[in-house]
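**Student:** please find the sequence and the predicted model below.
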Amino acid sequence: MKLKLICVGKLSEAFLRDGVEEYARRLQRYLPFSCLELKEEKSGKKADPRLIRELEGERILGRIPPEAYVFILDERGKALTSEGLAALLEGHMVQGTTELVAVIGGAYGLSDRVRQRGDMILSLSAMTFTHQMARLFLLEQLYRGCTIMRNEPYHNR
Ligand SMILES: C[S@@+](CC[C@H](N)C(=O)[O-])C[C@H]1O[C@@H](n2cnc3c(N)ncnc32)[C@H](O)[C@@H]1O
């Protein structure tokens, strides 16, 4: 099973780039992982958040394979424990899902069309993170989930 992360915009801070690179490297030990960074719409005083979400959303939808199982990351989504995420990943592996896609929105979030494409809306917390922070936290949780699945020492129960 392949895992693809689709996100909007680049990582602006070195400490986030380092963290994301580290967890992506760790995750790749367990499953083929790729990250697709899509162009961010310009924001500013005159920016229309709805239009930005729509334009970024069309780009995102264009990169989701029809057969993929899609997780949309949104603070209003369903909260899982790390064990719950591990069980979900394992379930997809056992069922033979070929591709999992996780989607993180840009600074203004995700359009309704993107949210509707989600098979699941996943929350990392009820608090809102920057899209860059959300990327790091998600990768750490995916890595943690893989270690739980393999019963490896990282997650201290
Ligand atoms: C700055 S947030 C966007 C907030 C925007 N006001 C909204 O209503 O969606 C940017 C992106 O980071 C992700 N994100 C931020 N906090 C999150 C959380 N607690 N759980 C899951 N995803 C989160 C989401 O994908 C979101 O679209």
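**Tutor:** Right, received. Where do you want to start? All values reported here derive from a predicted model rather than from experimental measurement.

**Student:** so for stretch 66-79, what's the average pLDDT?
**Tutor:** Across stretch 66-79, pLDDT averages out at 97.

**Student:** any residue of it touching the ligand?
**Tutor:** Yes. On the criterion Cβ under 6 Å from any ligand atom, stretch 66-79 is in touch with the ligand at 73, 74, 75. C-beta here means a position set from N, CA and C on the backbone, and glycine is covered the same way.

**Student:** can you point out the buried residues in that stretch?
**Tutor:** By neighbour count with 16 or more other Cβ atoms under 10 Å, stretch 66-79 contains the buried residues 68, 69, 70, 71, 72, 73, 74, 75, 77.

**Student:** that older thread, compile the residues of stretch 66-79 next to the ligand into a markdown table and extend it with columns for secondary structure.
**Tutor:** Converted to a markdown table, the residues of stretch 66-79 next to the ligand look like this (DSSP: H, G, I helix; E, B strand; the rest coil):
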| residue | secondary structure |
| --- | --- |
| 73 | strand |
| 74 | strand |
| 75 | strand |
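
**Student:** pick out the most distant pair among the buried residues of stretch 66-79.
**Tutor:** Of all pairs drawn from the buried residues of stretch 66-79, the one with the longest distance (Cβ to Cβ) is 68 and 75, at 22.4 Å.

**Student:** which residues touch the residue lying closest to residue 73 once chain neighbours are set aside?
**Tutor:** Spatial nearest neighbour of residue 73, excluding adjacent residues (Cβ to Cβ, 6 or more residues apart in numbering): residue 104 at 4.8 Å. Each residue near residue 104 by Cβ atoms under 8 Å, 6 or more residues apart in numbering is listed here: 5, 6, 7, 8, 73, 131, 134, 135, 138.

**Student:** now do residue 53
**Tutor:** Applying Cβ under 8 Å, 6+ apart, the residues near residue 53 are 105, 106, 108, 109, 110, 111.

**Student:** got a quick PyMOL command for the buried subset of these?
**Tutor:** Of these, the buried ones go into a single PyMOL selection, burial set by 16+ other Cβ under 10 Å:
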select buried, resi 105+106+108+109+110+111
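
**Student:** which of the contacts of residue 53 sits closest to residue 155?
**Tutor:** Among these, and counting by Cβ to Cβ, the member closest to residue 155 is residue 105, at 27.5 Å.
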